[in-house]
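>>> okay, predicted coordinates and the sequence, questions at the end:
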Amino acid sequence: MMVFLRLATLLLVSTVLAAPAYALKILIGNDDGFGTANIRALYHAAKQAGHDALIAAPVDNQSGTGATRREPKPLQKDGGFGLVKAGSPAEGHDAKDDHVWYVNSTPVSSIAYGLEELCPRYFGSKPDLILSGTNQGNNVGLSIYWSGTYNVARYAVEQGIPAIAFSAGNLTERAYTELGGPEDQANIYAAYAFQVVDQLLLHQQQQRHQQSDVHHMLLPESTGLNVNFPSAPKRGCRAEDTRFVLTRLLANLERNPDACTCGQQRSKGCKLPRESSVIRGDNGCTNTISLFAPTTFSPDASAYEQEQLLETLSGFVSCLD
């Protein structure tokens, strides 16, 4: 039933997105480098969906740099995969695509360059959405604090822009020149990512249709998503046979920290499963979606904000059991 609902949703959103007015301006970053297969697959998926996409990502692998900022400098050595040579400028674009930019700096500094310099030039405005990833390896639990992928999305939300961090359970570091067809894991993750984006956009357009005089955001204000996929090759996952579950980022000892879902009752306690336990558990091709709020002490968003997200994801997320 869930697969049918998702296919119906995708058919409906494809009709919505056919109108150019609903195309998004999407800025994409990561921490693995602008030349990886995963980020290029995400970029191509955005363009294929009819969106205006732009990459601003590190010239080489900057995993584990968290929220660190650093002034970009000319390259003293070749960048990742030898795509940019020593002596090249601190920032530059792919020779074949001027919407694909590298920055010789950290993930957060790279996305900041994209926001401050590239978006005004290419979009004429701020982006509607910032995507980060797909990371080579999951970002769950406390690892988010030093994850460049998560911190790119966190920085974006702090600037008032909806953002999603995507991470996948594989550590394969590949150049975009090795990208294969639809069954390539990078393309599977990109397809998963745009199932999420399409659902957010579909709900936004439905709300606009019902209340045309009200501004409707893709996500609850000042929040972002941390989304994790299991390893597609290890679990035999395909783009069309997955499911999404709403989770929380970190453990919480409170009795009622979260929105009630999947038959839970407030009187008995409402708590979402932790994304780490879902991703690392025996749950097949189950992807996790966690809502974060960077302005709070704990990264997990409030129960009220989770309830707003549940409304947006109605018919899209399922129960773990």
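Received, thanks. Treat the numbers as computed from the prediction; the structure is a model and nothing was measured.
>>> so what's the closest residue to residue 243 other than its chain neighbours scoring on pLDDT?
Of all residues not flanking residue 243 in the chain, residue 318 sits nearest, at 4.9 Å (CB to CB, 6 or more residues apart in numbering). For every residue, glycine as well, the C-beta is placed using N, CA and C. The score at residue 318 is 94. That number is its pLDDT.
>>> give me the number of residues near residue 318?
Residues near residue 318, counting by other CB atoms under 10 Å, number 18.
>>> roughly how far does it sit from residue 100?
Remark: distance between residue 318 and residue 100 (CB to CB, to the nearest Å) = 35 Å.
>>> and the helices in this protein?
For the chain, the helices defined by DSSP state H occupy 2-17, 37-48, 107-113, 119-122, 148-158, 185-210, 232-235, 275-280, 303-312.
>>> now the angle from the longest one to helix 37-48?
Okay, so that is helix 185-210. Counting by axes from the mean of the first three to the mean of the last three CA atoms, to 10 degrees, helix 185-210 lies at 40 degrees to helix 37-48.
>>> so which bits of helix 185-210 are buried?
By neighbour count, and taking 16 or more other CB atoms under 10 Å as the criterion, the buried residues in helix 185-210 are 185-205, 207.
>>> counting contacts, what elements does that helix pack onto?
Packed against helix 185-210 by the contact rule (3 or more CB pairs under 8 Å, 6 or more residues apart in numbering; DSSP states H and E) you find helix 2-17, helix 37-48, strand 129-136, strand 163-168, strand 224-229, helix 232-235, helix 303-312.
>>> so what's the gap between that helix and the chain middle?
Computed by CA atoms, centre = their mean, to the nearest Å, the separation of helix 185-210 from the middle of its chain amounts to 11 Å.
>>> that one - what's its average pLDDT?
Averaging pLDDT along helix 185-210 yields 93.
>>> stretch 139-151 now?
Model confidence over stretch 139-151 averages 95 on the pLDDT scale.
>>> so how far is that stretch off the chain centroid?
Per CA atoms, centre = their mean, the displacement of stretch 139-151 from the mean C-alpha position of its chain is 13 Å.
>>> what about that stretch, start to end distance?
The first residue of stretch 139-151 is 11 Å away from its last residue (CA to CA, to the nearest Å).
>>> ok, and for it, which residues are buried?
139, 140, 141, 144, 146, 147, 148, 149, 150, 151.
>>> try stretch 111-130
Of the residues in stretch 111-130, those buried by neighbour count under the rule 16+ other CB under 10 Å are 111, 112, 113, 114, 115, 118, 119, 122, 127, 128, 129, 130.
>>> between all of the residues you listed, which two are separated the most?
In terms of CB to CB, those reach their longest pairwise distance at 113 and 128, which sit 18.5 Å apart.
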